[in-house]
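Participant: What follows is a protein structure lacking sequence information:
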Ligand code: FO1
């Protein structure tokens, strides 16, 4: 594969992690930096939980749970069962193995390590090659203004199963949060091959990252092609509430609508072959590909298509 240079991938959890793994499998480890949304993070049962960071970490380590898309492969649930027996809160399911991640992260954060340091230490231990960084070491919390009032992200997403209609979204803490310094250095330094926006929910997975002061500007000024991959195929989200949320915001869910949402950033857009009729409506050069990632081979093929799209845009400019 032609190219060389660093690829910075912005990602939420499940959908984004599939492409992040594809990129990790077709790029040398030192040529990939994955930036995780931490707006979904919360404190639960006294523990610091970072769902998207962990989903990415487990995927890149080959430890992800293929049934749920989140948590660890080969999981057992004794802790949850015992917690339930005691009348504890069981709406957010922490598997026994996954629990160790949260306990150890909480201990390290309390001892003064940053979330980036904790993540780097875990990735080293679990054999993750590419750099995986939280979008910020500062606290940012996504909150949703719903028909039932304001809800914390996981309260809405897991406890309420995304049911209450969303009217507005806030990223508490974002205006004062510093973007992760290595991410900014990568965007501002030379040697960048591409910025990839993974097929994650634009409203709750990518926009918290873009809400950090200076990040949107750094992407715009990075000099490398910025390419997003559609999380919508044939008017529906592959997984999760993206289509429902877009409708609640008065946007007809379509691959092109997501491209237009990122319009100030994008040089190119990858959408599914099934959405070919919408290509002209995206407003940027479009590459058609198979974006539904079921197998590992699908993830690698999409990663190659995204890199080829970025490389062709670089040559064209
Ligand atoms: N998602 C669920 O739908 N139900 C759960 O009980 C749940 C537990 C969970 C535990 C650890 C973790 O890292 C993720 C977990 N998720 C769960 C996924 C997570 O809430 C969402 O997928 C993301 O926040 C949205 O990207």
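Facilitator: Good, I have the coordinates. Quick caveat, the model's predicted, so the values are computed rather than measured. Numbers count the residues shown, from 1 in each chain.

Participant: going forward, measure contacts and count neighbours with C-alpha atoms only.
Facilitator: Noted.

Participant: Near the ligand, which residues of the stretch 1-150 of the chain are found?
Facilitator: Within the stretch 1-150 of the chain, the positions near the ligand by Cα under 6 Å from any ligand atom are 12-13, 40, 50-52, 54-55, 70-71, 92-94.

Participant: Can you say which of the residues you listed are buried?
Facilitator: Among those, those classed as buried by neighbour count (16 or more other Cα atoms under 10 Å) are 12-13, 40, 50-52, 54-55, 70-71, 94.

Participant: Just put the residues of the stretch 1-150 of the chain next to the ligand in a markdown table and tack on pLDDT and distance to residue 161.
Facilitator: Shown next, in a markdown table, are those (pLDDT from 0 to 100; distance: Cα to Cα, whole Å):
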| residue | pLDDT | distance to residue 161 |
| --- | --- | --- |
| 12 | 95 | 18 |
| 13 | 89 | 16 |
| 40 | 98 | 14 |
| 50 | 98 | 18 |
| 51 | 98 | 16 |
| 52 | 98 | 17 |
| 54 | 98 | 20 |
| 55 | 98 | 19 |
| 70 | 96 | 15 |
| 71 | 97 | 17 |
| 92 | 98 | 11 |
| 93 | 98 | 13 |
| 94 | 98 | 17 |
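
Participant: Have a look at this protein and report its longest helix.
Facilitator: Longest helix in the chain by number of residues (criterion: DSSP state H): helix 296-316.

Participant: buried set for that one?
Facilitator: Buried, per 16+ other Cα under 10 Å, within helix 296-316: 298-311, 313-314.

Participant: What are the contacting residues of that helix?
Facilitator: Residues outside helix 296-316 that contact it (Cα atoms under 8 Å, 6 or more residues apart in numbering) are 1-3, 18-19, 21-23, 25-26, 193-194, 196, 224-227, 229, 267-268, 270, 287, 289-293.

Participant: for stretch 208-225, same thing?
Facilitator: So stretch 208-225 is in contact with 10, 36-39, 135, 142, 171, 174-179, 184, 187-189, 192-195, 226, 264-268, 310-311, 313-314, going by Cα under 8 Å, 6+ apart.

Participant: Which of those residues fall in helices?
Facilitator: Members of the contacts of stretch 208-225 lying in helices (criterion: DSSP H): 184, 187-188, 310-311, 313-314.

Participant: which of the residues you listed lies closest to residue 234?
Facilitator: residue 310 (23.5 Å; Cα to Cα).

Participant: any idea of the mean pLDDT in stretch 206-214?
Facilitator: Per-residue pLDDT over stretch 206-214 has a mean of 98.

Participant: From the chain's centre, how far out is that stretch? Work that out for me.
Facilitator: Offset of stretch 206-214 from its chain centre (Cα atoms, centre = their mean, to the nearest Å): 12 Å.

Participant: Likewise for stretch 136-149?
Facilitator: How far stretch 136-149 lies from its chain's middle: 16 Å, per Cα atoms, centre = their mean.

Participant: With stretch 239-257 instead?
Facilitator: Centroid displacement of stretch 239-257 relative to its chain, using Cα atoms, centre = their mean, is 17 Å.

Participant: quick one: is that stretch near the ligand?
Facilitator: No. Judged by Cα under 6 Å from any ligand atom, stretch 239-257 stays clear of the ligand, getting no closer than 8.1 Å.

Participant: Between the two ends of stretch 169-189, how far is it?
Facilitator: One end of stretch 169-189 to the other measures 32 Å (Cα to Cα, to the nearest Å).

Participant: got the buried residues for it?
Facilitator: Residues of stretch 169-189 classed as buried: 169-171, 173-174, 177-180, 183-184, 186-187 (neighbour count, 16+ other Cα under 10 Å).

Participant: okay, now residue 217: neighbour count?
Facilitator: Residue 217 has 14 neighbouring residues, counting by other Cα atoms under 10 Å.

Participant: Three-state assignment for it, please.
Facilitator: What DSSP: H, G, I helix; E, B strand; the rest coil gives for residue 217 is helix.

Participant: Could you do the one 5 residues further on as well?
Facilitator: At residue 222 the chain is in coil, as set by three-state DSSP.

Participant: Tally up the residues packed near it, please.
Facilitator: Here the number of neighbours of residue 222 (other Cα under 10 Å) works out to 21.

Participant: quick one, phi/psi of it?
Facilitator: phi -70, psi -20 (degrees, to the nearest 10).

Participant: Check residue 283 too.
Facilitator: Dihedral angles (degrees, to the nearest 10) for residue 283: phi 80, psi 0.

Participant: Partner strands of the lowest-mean-pLDDT helix or strand in the chain, with direction?
Facilitator: Every helix and strand in the chain was compared by mean pLDDT, DSSP states H and E; the lowest is strand 236-237, with a mean of 86. Sheet pairing for strand 236-237, assigned by DSSP bridges, gives strand 232-233 (antiparallel).
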